[in-house]
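Novice: Here's my sequence, what's the structure:
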Amino acid sequence: MGVLMKISKKTSIFMIILVLGVLILSILTYSQVYNLINPGSSNHSSVSKLVNNANTKSYSSNNISFNYPADWTLMTTNAGGSDIITVSKNDFSNNNQDDITMFELTTLAKPFSLSDQQAIKMIQNSRSTGWKHISNSTLTIDNNKANEDLFIVNDSSNFTKIMKVQQISFVKNEKIYTLIFQAPENSFDSVKSYFDTILNTIQIQ
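Specialist: Next up is the predicted model:
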């Protein structure tokens, strides 16, 4: 503002109009992109790169919805009282685990004896040996505060490669939601745009 005050009035008016024009164009462009990938109103983490909407499918069931890559395989199961949704890059029906690139969402009823924070801590402490903790942060998923942990996993009993795992957990409606994004460490960044497409379209009622 101080710089504008020092230049001529005519130049100042021109600069203000120019700045407003750029801001309006930026807002309109962002709005179009956001509405394309987020059909509902929600608040998610930022996206580095998005998969074209024409190349995605939509999942919607049991109050959970999200978009995922059209050529990935989706499966739903229930194990030990947990509802599990898995979206994998490859079909693992032939037990080929050379490239376990996948997203997994687990829903578990929160024990009444635990606070939300204690429930998240329980999930964080449930990892196996060989998981090296890289970082911890918080983010917002569909207006819910979530905890995010990054790991490098060297676990030959479960994986044939060193893996990178992004684990996100939060509590809503007395349920614990855990999101796992995993891929071989050397290819995680190349598939992150697919993970971001899933993460940024998740809605939980």
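Novice: Show me where this protein has its strands.
Specialist: Taking DSSP state E as the criterion, the chain contains strands spanning 56-61, 64-69, 73-79, 82-88, 102-109, 131-141, 144-153, 163-172, 175-184, 203-204.
Novice: Figure out which of the ones you listed is closest to residue 191.
Specialist: With Cβ to Cβ as the criterion, residue 191 lies closest to strand 175-184 of the strands of the chain, at 5.3 Å. For glycine as for every other residue, the C-beta is placed from the backbone atoms N, C-alpha and C.
Novice: which helices and strands does that closest one pack with?
Specialist: For strand 175-184, the packing partners by 3 or more Cβ pairs under 8 Å, 6 or more residues apart in numbering; DSSP states H and E come out as strand 102-109, helix 116-124, strand 163-172, helix 188-199.
Novice: For residue 86, which of those is the nearest?
Specialist: With Cβ to Cβ as the measure, strand 102-109 is the member of the helices and strands packed on strand 175-184 nearest residue 86 (5.0 Å).
Novice: so what strands line up beside that closest one?
Specialist: Applying DSSP bridges to the sheet, strand 102-109 is found paired with strand 82-88 (antiparallel), strand 175-184 (antiparallel).
Novice: Looking at the ones you listed, which one is packed in the most?
Specialist: strand 175-184 (a mean of 21; mean count of other Cβ atoms under 10 Å).
Novice: How many neighbouring residues does the closest residue to residue 127 other than its chain neighbours have?
Specialist: Excluding its sequence neighbours, the residue lying closest to residue 127 (Cβ to Cβ, 6 or more residues apart in numbering) is residue 151, at 7.1 Å. If you count neighbours by other Cβ atoms under 10 Å, residue 151 ends up with 19.
Novice: hmm, back to that, the helices and strands packed on strand 175-184: which one's closest to residue 156?
Specialist: strand 163-172 (10.8 Å).
Novice: What helices and strands are in contact with the closest one?
Specialist: Going by 3+ Cβ pairs under 8 Å, 6+ apart, strand 163-172 lies up against helix 116-124, strand 131-141, strand 144-153, strand 175-184, helix 188-199.
Novice: what angle separates it from strand 131-141?
Specialist: Compare the direction of strand 163-172 with that of strand 131-141 by axes from the mean of the first three to the mean of the last three Cα atoms, to 10 degrees and you get 40 degrees.
Novice: Start at 50, not 1
Specialist: Shifting the count to begin at 50 puts that one at strand 212-221.
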